[in-house]
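Chemist: here you go, sequence then predicted model.
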Amino acid sequence: MFTKGPWHVGQGNGAGAIFSDSGRMKLVKGGTTLFPICSVIDGFSEPEDADNALLLAAAPELYDALNNLTLICGYLIPADNSFAQSVLAEARYALEKARGG
């Protein structure tokens, strides 16, 4: 199960990390800690690192939008439209990849 979105790019001492807006709090020794979804390793290219962080933070919304589009398009795209069917197959593949398949 994915961490509930939306996600955002951390600021300050959380810079470079992606956090869930609903939080991922856990009681640990010394108090409660907010854990990031992931961290973007800085250093290769600052603009590229920042863009990668924004893409990762958008993942829940992108997943939901693509999932909804595939459901709608699955009903609307005629079976004989090979180009549209191949694009739909690519979208379904991307969703399956995100689910670990």
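Modeler: Sure thing, it's come through. Numbers count the residues shown, from 1 in each chain.

Chemist: just the helices in the chain please.
Modeler: With helices called from DSSP state H, the chain shows them at 46-57, 59-76, 82-98.

Chemist: now tabulate the ones you listed in CSV and tack on mean pLDDT and mean neighbour count.
Modeler: (C-beta placed from N, C-alpha, C; glycine too.) CSV is the format used below for these (pLDDT from 0 to 100; neighbours: other C-beta atoms under 10 Å):
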stretch, mean pLDDT, mean neighbour count
helix 46-57, 91, 14
helix 59-76, 96, 13
helix 82-98, 97, 13
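
Chemist: quick one: closest of those to residue 5.
Modeler: The closest approach between residue 5 and any of these, judged by C-beta to C-beta, belongs to helix 59-76 at 2.6 Å.

Chemist: identify all contacting residues around the closest one.
Modeler: 2-7, 84, 88, 91-92, 94-95, 98 (C-beta atoms under 8 Å, 6 or more residues apart in numbering).

Chemist: could you do stretch 16-35 as well?
Modeler: So stretch 16-35 is in contact with 3-10, 36-42, 49, 53, 56-57, going by C-beta under 8 Å, 6+ apart.

Chemist: okay, and which of those residues map to strands?
Modeler: Cross-referencing the contacts of stretch 16-35 against strands under DSSP state E gives 7, 8, 9, 38, 39.

Chemist: which of the residues you listed sit farthest apart?
Modeler: Taking every pair in the ones in strands among the contacts of stretch 16-35 and measuring C-beta to C-beta, the maximum separation is 13.5 Å, between 8 and 39.

Chemist: more neighbours: these two, which one.
Modeler: With other C-beta atoms under 10 Å as the criterion, residue 8 and residue 39 differ in neighbour count, and residue 8 comes out ahead with 17 against 14.
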